[in-house]
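Enquirer: What shape does this take:
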Amino acid sequence: MEAKKVVTRCILFAYKFILLNPLSTDGAKRKIGTIYAVFGSVYLTLASSAIVILIMQNKNDFVEFILPIGYASTIFMNGINHLIIAYNVPSINLLLRNIERNIYTYSDRHFTFDNSTSSGADNETHSSNVACTKLSVFLTILIYNNAFLGMISPFFGYLLTGKLSANIYPSWFPWNMDDSVLGYTVSYLLESYVALHVCSLYASTAVYMALTYLEYERQYRRLSNAVTSIPSRSLAFVRRSSSSDRRCFPSNRLANERTETDDAKLYHKRFEYNLIECIDHHRALKKCFEYFKLYFEMNFSVEFTLCVLTLCFLMYSLLEVTDAGRVFSILAVTTILLQNLFLKCYVGEKFSELNGTLKEAIYDLPWYRQSISNRKLLHIFQLGSTQPHRLTGLKVFPASLFIFTRIIRTSYSLLNLIRASHS
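Expert: A predicted model of the protein is given here:
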């Protein structure tokens, strides 16, 4: 199976699981998926509102006041993410469709663009398949492992204290859970649904973003190899053309006595044709990047806005809470939040570095030996490749590892301030 098939199938599986196939080409299935996305968003918003009620009931206890805020913020972020996915269904569908079609296909069948040799191309495709599969499995297991850790947290509390009173996360319910096994069971099932829903959203988003970057990395390797091979492919075309003329017209004097000027003209024309194909490939990548950018920036902006306070409140509660069940639950939520924030910042930084090898490949071409028209095309191509693929939050803050460290540092500074004021 090709790498693009692995990418799209993993992403489609993730979104089918969580959103009832909103990416389907069938209009009825897409409407059902969109309606379910809106329902999921409303349900998660109601769940976070129930936590807010609990916040208002515990104004005097600072830990019991800020801990539900951290949980409510995490659930609310995923409720907004539901709506963002439903809004960006067309762009996600277009991106996946283009990835399945390999984004761009070159006309030169005599050259393998994944690597310099066919065996090398097979090895690279196989390694790309393995990388995509391993990464998708790793991210899914990692996130659902944290979900499992949170879901069994009440039982840890029961083993240590003998009381089954703590749920997966603090929330308000209109019934008493301490005196009713049925009430506790219903509450636990509702919170388990929210926890699985939140983790499924995190998993689908992580798989989508990580594997899309892997596919883009492969596409830029193809493009760089295609640019590097333009002189050799153009020269090979001239040689095939001259040998073909000699085979077809063995008695033709003009075919047997082709001048160097004719070969040079044919070489420059073929060079221009191959260069235009590389430019078209780069433009197709930029167009598909806009589809990915639309969803990424909306999702990252919401997470960037709420992440500092959420991390601060969760870490403060982790340091102050003594209940073992709650410790496991808080640790699971904090880990999931940090994992996804780091992944978005890492993907944003790697996307900004994709054009680096392409610029070097363009400069290494023998541009000084080309015709004036080819030099102009090379100059335009190089100018287009100097613009990095920037992914930002709130249209200002770039998604990068530097921003990730700034968020952690800001959360830690705010945590120390809160601890100092409540010591």
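Enquirer: Could you use CA atoms for every contact and neighbour count after this?
Expert: Fine.
Enquirer: where's the nearest residue to Arg419 once chain neighbours are set aside relative to Phe404, distance?
Expert: Once flanking residues are discounted, Arg419 sits nearest to Tyr316: 7.6 Å by Cα to Cα, 6 or more residues apart in numbering. From Tyr316 over to Phe404 the distance is 19 Å, taken as Cα to Cα, to the nearest Å.
Enquirer: got it, and Leu285?
Expert: 26 Å.
Enquirer: do Gln219 as well
Expert: Distance from Gln219 to Phe404, counting by Cα to Cα: 27 Å.
Enquirer: follow-up on the earlier one: so the residue nearest to Arg419 is in which element?
Expert: helix 260-320 (DSSP states H and E).
Enquirer: can you give me how far that helix is from the chain middle?
Expert: Relative to its chain's centre, helix 260-320 lies at 11 Å (Cα atoms, centre = their mean, to the nearest Å).
Enquirer: Run through the neighbouring helices and strands of it.
Expert: helix 62-87, helix 89-100, helix 181-228, helix 230-248, helix 324-352, helix 372-385, strand 392-393, helix 401-421 (3 or more Cα pairs under 8 Å, 6 or more residues apart in numbering; DSSP states H and E).
Enquirer: wait, which of those is closest to Tyr267?
Expert: Tyr267 sits nearest to helix 230-248 of all the helices and strands packed on helix 260-320, at 5.7 Å, using Cα to Cα.
Enquirer: Leu417: neighbouring residues, count only.
Expert: If you count neighbours by other Cα atoms under 10 Å, Leu417 ends up with 11.
Enquirer: Equivalent analysis for Val396, please.
Expert: Neighbour number of Val396 under other Cα under 10 Å is 9.
Enquirer: so how far is Glu297 from it?
Expert: Noted for Val396: a distance of 10 Å to Glu297, by Cα to Cα.
Enquirer: again, but for Val186
Expert: 37 Å.
Enquirer: higher neighbour count, those two?
Expert: Each of Val186 and Glu297 has its neighbours counted (other Cα under 10 Å); Glu297 has more, 22 against 12.
Enquirer: residues contacting Tyr144?
Expert: 196, 199-200, 203 (Cα atoms under 8 Å, 6 or more residues apart in numbering).
Enquirer: Now the residue lying closest to Ile336 once chain neighbours are set aside: which helix or strand?
Expert: Excluding the flanking residues, the one nearest Ile336 by Cα to Cα, 6+ apart is Ile143, at 6.3 Å. Using DSSP H and E, Ile143 falls within helix 118-151.
Enquirer: can you check Ser107 too?
Expert: With DSSP H and E as criterion, Ser107 is part of no helix or strand.
Enquirer: phi, psi of it?
Expert: phi -80, psi -20 (degrees, to the nearest 10).
Enquirer: Renumber starting at 314 from here on
Expert: Happy to do that; since the first residue is 314 now, the last one works out to Ser420.
Enquirer: Enumerate every residue touching it.
Expert: Contacts here follow Cα under 8 Å, 6+ apart; on that basis Ser420 touches nothing.
Enquirer: how much space between it and His595?
Expert: From Ser420 to His595 the distance is 15 Å (Cα to Cα).
Enquirer: Repeat that for Glu530.
Expert: On the measure of Cα to Cα, Glu530 and His595 end up 13 Å apart.
Enquirer: When those two are compared, which one has more neighbours?
Expert: Shown here are Glu530 and His595; by other Cα under 10 Å, His595 has more neighbours (23 against 17).
Enquirer: ok, that one - contacts?
Expert: Leu536 are the contacts of His595 under Cα under 8 Å, 6+ apart.
Enquirer: State the distance from it to Ala516.
Expert: Distance from His595 to Ala516, by Cα to Cα: 30 Å.
Enquirer: what's the answer for Pro467, then?
Expert: The separation that Pro467 has from Ala516, given Cα to Cα, amounts to 23 Å.
Enquirer: Could you do Leu632 as well?
Expert: 27 Å.
Enquirer: Give the residue from those two that has the larger number of neighbours.
Expert: Ala516 (24 against 11).
Enquirer: Based on its surroundings, how many neighbours for the closest residue to the more buried one other than its chain neighbours?
Expert: Leaving aside its sequence neighbours, Ala516 sits nearest to Thr453 (Cα to Cα, 6+ apart; 5.6 Å). By other Cα under 10 Å, 19 other residues sit near Thr453.
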